[in-house]
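Asks: Just the structure for this:
(chains A and B)
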Amino acid sequence: MNSDQLLSLIPQHPPFRFVDEIIYYNTDGNGYLTATFSPSKVKELHPKLKRVPMIILYEGIAQSSIILTQLMTLPLEDNELPVLGYMDLCQFDTPVEWEDEFLFDIKGIRFVSRKALMRGNISKKNGTIIASLFLSVATLQKGGGE
Amino acid sequence: MTETPKPWVMVDGFSCTKNYSSATLIKLITESDYFLQGHFPQYSIYPGLLLVECIRQGAERLLVNITGDQSLFQWNMVKNSTRFTRPVLPGDTVLFELNVVSFPSNSEFKINAVGYVNEKIVIRSNLILARKENASV
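Replies: Okay, the predicted model is just below:
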């Protein structure tokens, strides 16, 4: 699949889409995926926003993890939505600027049915790690329970 | 005090106890919320990570009261551990209770937060906020 096809697996849409491109993925073993994101596009939508909200980077890596989950299990059905179950993160005291470009690296730990546990790093393109995290995602039936 | 423009102001109501050891936040989830356009177009669920952002913003306000700092944005959320237990939907009002668990120094605070909708827990979060290295003490 090319990057556009992979991005189409993300059910979130603008203004709540924080992934630009999938530059690498591998479904061997536990799976691995790398995505890019430039927050300058968010700045264009919110010109009065003085600082990069770190939460958009966490959301971006979570959205990237939804792609990896579908590659390692099954694509979401029309009546299904992904939800976060758990997140555990460490953020480093590294200044983040609007002009920075970021990499989201996601590695699978466990995929069981429609649930996944993954770990990932958010880094600047120069390799400086901004945050590390574990997260789990599950599937929610629209209008129903998990 | 706040420099954050809409729609990034996540806290709709805030109050803290006299000794500043805890705070209560309110977040109203409306159908017209800006971010729900994309989360998701056909079926709206309030993004769980925006609930975390709501807790972080409320914790910053609490620390402004505790430390007397006049500026927000002095703090980094250096650790966060969160469980999302129920989806939050348009029409819900989320009530958060924040408690300062410990503060080994005036530069680091451990806070726990629980969010409720109709008295049912929707999110549990533990966070550590540390003063930014380049922030004035």
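Asks: Now do the strands in the chain.
Replies: This is for chain A. A:21-26, A:32-37, A:80-91, A:102-112, A:115-124, A:129-141 (DSSP state E).
Asks: my bad, chain B
Replies: Going by DSSP E, chain B shows strands at B:13-16, B:22-28, B:75-84, B:93-105, B:108-117, B:120-131.
Asks: For the fifth one, C-alpha coordinates in CSV please.
Replies: The one in question is strand B:108-117. The C-alpha trace of strand B:108-117 is given here as CSV (Å, rounded to 0.1, in the frame of the first residue of the first chain):
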residue,chain,number,x,y,z
GLU,B,108,7.6,18.9,40.7
PHE,B,109,4.0,17.9,41.4
LYS,B,110,2.3,14.5,41.2
ILE,B,111,-1.4,14.8,40.6
ASN,B,112,-4.1,12.3,40.1
ALA,B,113,-7.4,13.0,38.3
VAL,B,114,-10.6,11.1,37.8
GLY,B,115,-13.2,12.2,35.3
TYR,B,116,-16.9,11.3,35.7
VAL,B,117,-20.0,11.5,33.5
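Asks: For it, name the packing helices and strands.
Replies: helix B:48-67, strand B:93-105, strand B:120-131 (3 or more C-beta pairs under 8 Å, 6 or more residues apart in numbering or on different chains; DSSP states H and E). C-betas here are computed from N, CA, C, even on glycine.
Asks: How much space separates the residue of chain A found nearest chain B from residue B:124?
Replies: Nearest residue of chain A to chain B: residue A:16, at 3.3 Å (C-beta to the nearest C-beta). Distance of residue A:16 to residue B:124, computed by C-beta to C-beta, to the nearest Å: 23 Å.
Asks: Have a look at the two and say which one is more surrounded.
Replies: The neighbour count for residue A:16 versus residue B:124, taken as other C-beta atoms under 10 Å in any protein chain shown, is higher for residue A:16 (20 against 14).
Asks: Check whether the more buried one really touches residue B:39, as I assumed.
Replies: Yes. Residue A:16 is within contact range of residue B:39, at 4.4 Å (criterion: C-beta atoms under 8 Å).
Asks: what does the lowest-mean-pLDDT helix or strand in chain A contact?
Replies: When each helix and strand of chain A is scored by mean pLDDT, DSSP states H and E, helix A:40-45 comes last, with a mean of 88. Residues outside helix A:40-45 that contact it (C-beta atoms under 8 Å, 6 or more residues apart in numbering or on different chains) are A:15, A:18, A:20, A:49, A:52-53, A:56, A:98-99.
Asks: rerun that using 10 Å as the cut-off
Replies: Taking contacts as C-beta atoms under 10 Å, 6 or more residues apart in numbering or on different chains, the residues outside helix A:40-45 that touch it are A:14-15, A:17-18, A:20, A:49-50, A:52-53, A:56, A:97-101, B:8, B:34.
Asks: do the same with stretch A:94-101
Replies: A:20, A:36-44, A:49-54, A:57, A:102, A:122-126, A:128-131, B:76, B:132-134.
Asks: So for chain B, the centremost residue is which one?
Replies: residue B:55 (1.2 Å; C-alpha atoms, centre = their mean).
Asks: Could you measure from that residue over to residue B:122?
Replies: 12 Å.
Asks: what residues do these two have in common as contacts?
Replies: Taking C-beta under 10 Å, 6+ apart as the criterion, residue B:55 and residue B:122 both touch B:94, B:96, B:114-115.
Asks: quick check, nearest of these to chain A?
Replies: Checking the shared contacts of residue B:55 and residue B:122 against chain A by C-beta to the nearest C-beta gives residue B:115 as the nearest, at 13.6 Å.
Asks: I'd assumed residue B:29 was in contact with the closest one.
Replies: No. Using C-beta atoms under 10 Å, residue B:115 makes no contact with residue B:29, being 11.1 Å away.
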